[in-house]
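> Quick one: sequence plus predicted model below, questions after.
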Amino acid sequence: MRFLHPPMIHCTAIPPMIQMVTGLDRPSARQMLDRAEGHVKTALVMHAKSVERDEANRLLLACDGHVAAILEPEVS
């Protein structure tokens, strides 16, 4: 997938970043990142939309990898 960068599983700054954005505690943020196979954008979408990795990746592909387009509330 062209929007995904190499996984960052071993970067110590990533779980705190996921914690800040999602409100998850550190173990939950680490678990979410593990389920996303180290892909931060995928982890954020999985959490925000309560979907699994494949669906999160599909959503990211549909939005050209722009997480904000997925996370922003829909305006009606």
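The structure has been received and is ready for your questions.
> From residue 54, how far off is residue 19?
Residue 19 sits at a distance of 24 Å from residue 54 (criterion: Cβ to Cβ, to the nearest Å). Glycine gets a C-beta too; all of them are placed from N, C-alpha and C.
> which of these two has more neighbours?
Neighbour count, other Cβ atoms under 10 Å: between residue 19 and residue 54, residue 19 has more, with 17 against 10.
> Can you tell me the closest non-neighbouring residue to the more buried one?
residue 29 (4.6 Å; Cβ to Cβ, 6 or more residues apart in numbering).
> Which other helices and strands does the helix or strand the one you found falls within contact?
According to DSSP states H and E, residue 29 maps onto helix 26-35. Contact analysis of helix 26-35 by 3 or more Cβ pairs under 8 Å, 6 or more residues apart in numbering; DSSP states H and E lists helix 14-22, helix 40-49 as its packing neighbours.
> Mean pLDDT added to these, as a markdown table?
Below are those laid out as a markdown table (pLDDT from 0 to 100):
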| stretch | mean pLDDT |
| --- | --- |
| helix 14-22 | 85 |
| helix 40-49 | 94 |
